[in-house]
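Predicted structure and sequence below. I'll ask about it afterward.
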Amino acid sequence: VTDTIAIPAIVHVIYNTEDENISEEQIRSQIDVLNKDFTKTNTDISQVPEEFAEIASTVNIHFSLDSIIRVSSTRPSWGTDDQMKFSSNGGSDVITPETHLNIWVCAIGGGILGYAQFPGDSASTDGIVISPQFFGTKGFVSPPFDQGRTTTHEVGHWLNLRHIWGDGNCTQDDFVEDTPASDGPNFGCPVYPSVRCNSNDITMNYMDYTDDACMYMFTEGQKDRMRAVFAEGGPRESFVK
Ligand code: ARG
Ligand code: ZN
Ligand code: CA
């Protein structure tokens, strides 16, 4: 697959307060960020240091807003155990996960910005979950995570990307060849270069933990790993059929 992959998104807004019942404008602002980040048309791409400039990739995935589902809830927060994905728990059931990216926007709590399910797991919980104040760039958003990059990061996981440090020490791979080895996340807005494991960390990658304004690229290797899930026999093959 070398051409554009089209992914329609279903956004489930599960709200307890009026602020959490985010506007359609806020939702569209998030879809816009995804479309820029996955086509390398984000304006901050120009900040990529020379060392990484030639591996900065156009993933070439296009997202569209298919539908918005709104569910009022008495629950102030949800945690990370997928309960928001079931109407029987007061949440909202997944819709056609074979062909649609399901995004649940609800208060996760515990300072967690978002979380994702990797490809190949249960269809009933397939998708990503984002807290409303970290979703999109307009409306009820909270700096420094108000540039929509939490969703870009979680969609990266949904397409099989690991964190750039592989969630382990210098020998733990992220299964992507062109991302330099690291042994832990970077936070805030690091000044290049950040040396770890005898190489410069790619702290400006979407799969690190830096602030939204300080992450602005995927690599060619990450692009190949993400697009592989849509290949014949791959776990998200049904999206391109
Ligand atoms: N799963 C990560 C968390 O909740 C998301 C990190 C996203 N980072 C960001 N700059 N938006 O901590
Ligand atoms: Zn992550
Ligand atoms: Ca690597």
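Sure, I can see it. Ligands and ions are numbered 1, 2, ... in the order given.

Now for residue 168, how many residues are close by?
By other CB atoms under 10 Å, 15 other residues sit near residue 168. Yep, even glycine has a C-beta here, placed from its N, CA and C like the rest.

so it sits right up against residue 182, yeah?
No - under the criterion of CB atoms under 8 Å, residue 168 makes no contact with residue 182, lying 9.6 Å away.

What ranges in this structure fall below the confidence cut-off?
1-2 (pLDDT under 70).

could you redo the last one with a cut-off of 90?
Applying pLDDT under 90 to the chain picks out residues 1-2, 241.

Need the three-state assignment for the residue nearest to the spatial centre of the chain.
Centroid check for the chain by CA atoms, centre = their mean gives residue 154 as the closest residue, at 2.4 Å. Classification of residue 154 using DSSP: H, G, I helix; E, B strand; the rest coil returns helix.

so how far is residue 126 from the residue in the chain positioned nearest to ligand 3?
Proximity of the chain to ligand 3 (CB to the ion) peaks at residue 179, 3.8 Å away. Per CB to CB, to the nearest Å, residue 179 is found 25 Å from residue 126.

dump the residue contacts of the residue of the chain positioned farthest from its centre.
Distance from the C-alpha centroid of the chain peaks at residue 198, with 28.1 Å (CA atoms, centre = their mean). Residues counted as contacts of residue 198 (CB atoms under 8 Å, 6 or more residues apart in numbering) are residue 170.

could you redo the last one with a cut-off of 7 Å?
Residues near residue 198 by CB atoms under 7 Å, 6 or more residues apart in numbering: none.

Ok, residue 205 next?
With contact set as CB under 7 Å, 6+ apart, residue 205 has these partners: 164, 179, 215, 217-219.

In a markdown table: these, plus neighbour count.
Formatted as a markdown table, those follow (neighbours: other CB atoms under 10 Å):
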| residue | neighbour count |
| --- | --- |
| 164 | 25 |
| 179 | 28 |
| 215 | 26 |
| 217 | 23 |
| 218 | 27 |
| 219 | 25 |
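
Okay, and which of those residues map to strands?
Judged by DSSP state E, the contacts of residue 205 include no members of strands.

and which of the residues you listed is nearest to residue 119?
Taking CB to CB as the measure, residue 119 sits nearest to residue 218 out of these, at 16.4 Å.

nearest residue to that closest one other than its sequence neighbours?
residue 57 (5.2 Å; CB to CB, 6 or more residues apart in numbering).

got the contact list for residue 221?
Contacts of residue 221 by CB under 7 Å, 6+ apart are 176-179.

Tell me the residues of this protein that contact ligand 3?
Proximity of the chain to ligand 3, by CB under 5 Å from the ion, involves residues 174, 176, 179.

Using CSV, please lay out those residues together with distance to ligand 1.
Formatted as CSV, the residues of the chain next to ligand 3 follow (distance: CB to the nearest ligand atom, whole Å):
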residue, distance to ligand 1
174, 15
176, 18
179, 16
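
need those in CSV with distance to residue 158, can you?
Converted to CSV, those look like this (distance: CB to CB, whole Å):
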residue, distance to residue 158
174, 16
176, 16
179, 18
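
between the residues you listed, which is closest to residue 225?
For the residues of the chain next to ligand 3, the residue nearest residue 225 by CB to CB is residue 176; the value is 5.7 Å.
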